[in-house]
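Colleague: my questions are about this predicted structure, shown below with the sequence.
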Amino acid sequence: MPANLLIVDDERHTREGLEAALEDQYEVYLASNAEEAFNLMEAESFDVVLTDLRMAGKSGMKVIDEALTKSYQPVCIMMTAYGNIETAVEAMKRGAYDFMTKPVNLEKLEIMIARALRSKNLEKENKVLHERLDQKFSLPGIIGNAPALKLVLDRVKLVAPSKAAVLLEGETGTGKELIAQSIHQNSPRAKKPFVAVHCAALAANLLESELFGHEKGAFTGASEKRIGRFEAADGGTLFLDEIGEIDASTQVKLLRFLDSKSFERIGSNKPINVDVRLVCATNRNLKKMAEKGGFRDDLLYRLNTITLNLPALRERKDDIPILLNHYIKFFAQENELPPAQLAPDAVSALQAYKWPGNIRELRNFCENIVVLHQGRIVSEFDLEPRFVTDQTTGCENPAQVPTGLSMENNEKRLLHNALIQTKGNKTQAAKLLGISRRTLHRKLLQWPELDCNSKAEKDDTDT
């Protein structure tokens, strides 16, 4: 889309002449004085402001001052018939990009504007790249060797260079945003913005404004114009997480964008064209939603040009030790703590666990382990009961005694399993083991970590 250019000059012939020379390349707006310029800058965002120095009323210096207070700062170029070194230096101090004397040489002006815009775009790209590098939880890559994950990554390599919309399906916590970032980073858009919007986190009226922006006064509380995420992602990738949560009105506007590559801000009827690659994600079955009328069929057809299904962590059991090792090291470094070590029995228990929260749950577990077990070896006995509960019966059999353990460890394991099966009820655990409550309490004093691990501690008087 062409850059917006504001020309401010109190000489009608000058500003109209500049408009005629530049309107083929830019979207040109005209102001005859500083006040008109201020009003235009309130209503519109400009890439370039070209202003005369000496005008009736406020000078061009004031125009530059005002322009540089905007969140989207334009490139400012000063024009004057009174060209001298002092004026040029003052304009540069105020933040002007360059300086040109009148009468304006149009060829030189066009070159100056083009150079200024290139410089501004490079600055914007560098800012975006630095922000990505500085992200608190930025990771070196997607971890794992499971066949189901490799299939997804192979398809990412095929999909990334294209312009096709991509739909990512998978349970919560399976790494959909990380895959979306991978698609962006491996595409020709990698140097442009990657903008993420979590649709489920916003109310319907807020989501529409967040995506498409709004004009000043478009609704109660709209005290200034807002640039939406579609404009912010121009040239890059827009990631819409939990796309199944958007309301019918936003679905219509999204469909229109996919058809025309344009949209309108709330409160405006002026189409805005942008070049945005759309990647969406959902943990819901959009096809079933469409059958029940909860999601538009035509929008679903446009979104799922390419669909990638992300495997749940329970389908990648061989990757669990790799992920545990990676995230324990990661959080140890982040918290400046010595990394905890998982004993083989703990790793086995964690591989058997179903991980309903997927990688997000595993990350939280690793951070917990790093903080609470600084540099120590973590055995199965140190894990919360949910991690060692049998996945088919809901509890381990306390009568099963594993081989290869000392008498003390066998006794400790039996006590641990009894507490799991009775959900922490000490009286019932003692009965299950055939020992007195006093003996059980003495054992818990010997192994206090077992008492701490009981989830639902109950008073003995409960039974």
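Modeller: Done, it's in. Because the structure is a prediction, the values reported are computed rather than measured.

Colleague: can you show me the CA trace of stretch 142-162 as CSV?
Modeller: Extracted in CSV, the C-alpha atoms of stretch 142-162 (Å, rounded to 0.1, in the frame of the first residue of the first chain):
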residue,chain,number,x,y,z
ILE,A,142,11.2,-27.2,18.4
ILE,A,143,12.4,-30.2,20.5
GLY,A,144,11.7,-33.8,19.7
ASN,A,145,12.2,-36.7,17.3
ALA,A,146,8.8,-38.4,17.4
PRO,A,147,7.5,-39.5,13.9
ALA,A,148,4.3,-37.5,14.4
LEU,A,149,6.3,-34.4,15.2
LYS,A,150,8.7,-34.9,12.3
LEU,A,151,5.7,-35.2,9.9
VAL,A,152,4.5,-31.8,11.1
LEU,A,153,7.9,-30.2,10.7
ASP,A,154,8.4,-31.7,7.2
ARG,A,155,5.1,-30.1,6.2
VAL,A,156,6.1,-26.8,7.7
LYS,A,157,9.1,-26.7,5.4
LEU,A,158,6.8,-27.2,2.4
VAL,A,159,4.2,-24.8,3.6
ALA,A,160,6.3,-21.9,4.8
PRO,A,161,7.5,-20.4,1.5
SER,A,162,3.9,-20.2,0.2
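
Colleague: what does it contact?
Modeller: The contact list for stretch 142-162 (C-beta atoms under 8 Å, 6 or more residues apart in numbering) reads 166, 175, 178-179, 182-188, 306, 308-311, 315-316, 318-319, 322-323, 326. For every residue, glycine as well, the C-beta is placed using N, CA and C.

Colleague: over to stretch 292-302?
Modeller: 165, 244, 248, 251-252, 254-255, 258-259, 286-287, 289-290.

Colleague: which residues touch the nearest residue to residue 275 once chain neighbours are set aside?
Modeller: Excluding the flanking residues, the one nearest residue 275 by C-beta to C-beta, 6 or more residues apart in numbering is residue 235, at 5.6 Å. Counting by C-beta under 8 Å, 6+ apart, residue 235 makes contact with 189, 192, 193, 275, 276.

Colleague: what segments of the chain are strands?
Modeller: In the chain, the segments counted as strands under DSSP state E are 4-8, 27-31, 48-52, 75-80, 98-101, 166-169, 194-198, 237-241, 262-263, 272-273, 277-282, 306-309, 341-342, 377-378.

Colleague: nearest to residue 419, out of those strands?
Modeller: With C-beta to C-beta, the closest approach to residue 419 among the strands of the chain belongs to strand 377-378: 18.2 Å.

Colleague: the closest one: partners in the sheet, and parallel or antiparallel?
Modeller: In the sheet, strand 377-378 lines up against strand 341-342 (parallel) (DSSP bridges).

Colleague: how close does the residue nearest to residue 275 sit to residue 188?
Modeller: 10 Å (C-beta to C-beta, to the nearest Å).

Colleague: same deal with residue 238?
Modeller: 16 Å.

Colleague: more neighbours: which of the two?
Modeller: Under the criterion of other C-beta atoms under 10 Å, the comparison of residue 238 against residue 188 puts residue 238 first, with 25 against 12.

Colleague: is it true that the more buried one touches residue 281?
Modeller: No: contact between residue 238 and residue 281 fails when scored by C-beta atoms under 8 Å: they sit 11.7 Å apart.

Colleague: ok, of the strands of the chain, where does mean pLDDT dip lowest?
Modeller: Confidence, taken as mean pLDDT, is least for strand 98-101 of the strands of the chain (a mean of 83).

Colleague: hmm, who's touching that one?
Modeller: Strand 98-101 is contacted from outside by 77-81, 83, 87-88, 91-92, 108-109, 112, 116, using C-beta under 8 Å, 6+ apart.

Colleague: let's go with 10 Å and repeat that
Modeller: Here strand 98-101 makes contact (C-beta atoms under 10 Å, 6 or more residues apart in numbering) with 50, 53, 75-85, 87-92, 108-109, 112-113, 115-116.

Colleague: give the partner strands of it in its sheet and their orientations.
Modeller: Partners of strand 98-101 in the sheet, by DSSP bridges, are strand 75-80 (parallel).

Colleague: tell me which of the contacts of residue 235 is nearest to residue 433?
Modeller: Within these, distances to residue 433 taken as C-beta to C-beta reach their minimum at residue 193, with 61.2 Å.

Colleague: which one is that closest one nearest to, not counting chain neighbours?
Modeller: What sits nearest to residue 193 in space, not counting adjacent residues and going by C-beta to C-beta, 6+ apart, is residue 236, at 4.0 Å.
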